[in-house]
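**Q** Fold the following and give me the result.
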Amino acid sequence: MFGGTDPVTHHERFAALELLRLAIPRRVYTQSHVDYVIEVAAEVARRKESLRGLRIVEGAEHLRHFTARLRPL
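**A** Okay, here's the model as predicted:
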């Protein structure tokens, strides 16, 4: 969200912190849905060394993370 392209050099500018926000709407999901999300998050954490990242190759100037096109690293 806070990264972007430097307007002078046109190089990728990375955010100081890499944060993840997990937002769950209230009164929409059951406990089993939330339990599943927890299981998947735990599996991702277990496999973190083998998972590769993504690079934003196209995105809007503001809030680019919502509409970005991604490519595997």
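
**Q** Okay, strands next: where are they in this protein?
**A** 4-5, 12-13, 54-58, 69-72 (DSSP state E).

**Q** How about Arg55: what's its closest non-neighbour residue?
**A** Closest residue in space to Arg55, ignoring its immediate chain neighbours: Arg71 at 5.2 Å, by Cβ to Cβ, 6 or more residues apart in numbering. Just so you know, the C-beta spots here come from the backbone N, C-alpha and C atoms, and that holds for glycine as well.

**Q** got the strands of the chain as CSV, with distance to Ser32 and mean pLDDT columns?
**A** CSV is the format used below for those (distance: least, Cβ to Cβ, whole Å; pLDDT from 0 to 100):
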stretch, distance to Ser32, mean pLDDT
strand 4-5, 38, 78
strand 12-13, 40, 82
strand 54-58, 29, 86
strand 69-72, 29, 93
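
**Q** Just say which of those is most tucked in.
**A** strand 4-5 (a mean of 14; mean count of other Cβ atoms under 10 Å).

**Q** Looking at the strands of the chain, which is nearest to Lys48?
**A** The closest of the strands of the chain to Lys48 is strand 54-58. By Cβ to Cβ, the value is 14.4 Å.
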